[in-house]
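Undergrad: Sequence first, then the predicted structure:
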Amino acid sequence: MGGILLIFIGSVLIVNGISIIKGYDDKETGIFNGIIGFFCLIGNIVLMLNAKESADYVAIAQSMLFTFTYIFLSLVKICSLSGKLFGWYCLFVFFNALFYAYYTNSDLRMVTLWLLWAVLWFLFFCVFSLNKTIRYLGNLTLIIGIATCTIPGLMMVTNNW
């Protein structure tokens, strides 16, 4: 299930990156974030109902960081909110991502993914809460969506990870 969710998380990062680059409509972007966030929420609930070990709950907690990012961002975009609190949530997730990079230190691939995601969440904190302009944010979001979510997710679902 994790690979499937990762593919869809990749799709929303790709769409968000393109939206930032092209300046597309916030409400349309928000709807897509909401759809993916809701899909991930359902997936995580299924995982939670079937969880048996501590590692299962860790994976769910990790995935829910993404889930709530996209649900929260969808509301920011659709409702034309300032996003300041969303930015602070991104800072919270940034610190969690650093923890998970440390926690998964036996798998260099996952350490790399968590560190790249941490960078992205930190940059979103800077944009939303500190009103910083980051010219390369759209390109970075697009690249991270492909390289850290879509490709690894496809590899996971085909047992090539």
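TA: That came through fine. Here the structure is a predicted model, which is why all the values come from computation and not from measurement.
Undergrad: tell me which element the residue nearest the centre of the chain falls in.
TA: The geometric centre of the chain, computed from its C-alpha atoms, lies nearest to residue 66 (CA atoms, centre = their mean), at 3.9 Å. Secondary-structure element containing residue 66, defined by DSSP states H and E: helix 54-78.
Undergrad: Show me what counts as buried in the helix or strand just after that helix.
TA: Counting by DSSP H and E, the element after helix 54-78 in chain order, helix or strand, is helix 84-103. For helix 84-103, a neighbour-count test (16 or more other CB atoms under 10 Å) marks 86, 87, 89, 90, 91, 93, 94, 96, 97, 98, 100, 101 as buried. C-beta coordinates here come from the backbone N, C-alpha and C atoms, glycine included.
Undergrad: Check stretch 109-129 too.
TA: Those would be 110-111, 113-114, 116-118, 120-129, for stretch 109-129 by 16+ other CB under 10 Å.
Undergrad: what do you get for stretch 44-52?
TA: Within stretch 44-52, the residues scored as buried using 16+ other CB under 10 Å are 44, 47.
Undergrad: Pull the distance from it to the chain's centre.
TA: 19 Å (CA atoms, centre = their mean, to the nearest Å).
Undergrad: Please put the alpha-carbon coordinates of that stretch into PDB.
TA: What follows is stretch 44-52, C-alpha atoms only, in PDB (Å, rounded to 0.1, in the frame of the first residue of the first chain):
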ATOM      1  CA  ASN A  44      -3.900   5.200   6.000                       C
ATOM      2  CA  ILE A  45      -7.100   4.200   7.700                       C
ATOM      3  CA  VAL A  46      -7.000   0.800   5.900                       C
ATOM      4  CA  LEU A  47      -3.400   0.400   7.000                       C
ATOM      5  CA  MET A  48      -4.300   1.400  10.600                       C
ATOM      6  CA  LEU A  49      -7.000  -1.200  10.700                       C
ATOM      7  CA  ASN A  50      -4.600  -3.900   9.600                       C
ATOM      8  CA  ALA A  51      -1.600  -2.800  11.600                       C
ATOM      9  CA  LYS A  52      -0.100  -5.400  13.900                       C
END
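Undergrad: pLDDT averaged over that stretch, what's the number?
TA: Averaged across stretch 44-52, the pLDDT comes to 94.
Undergrad: on that earlier part again, among the buried residues of helix 84-103, which one lies nearest to residue 139?
TA: residue 90 (18.3 Å; CB to CB).
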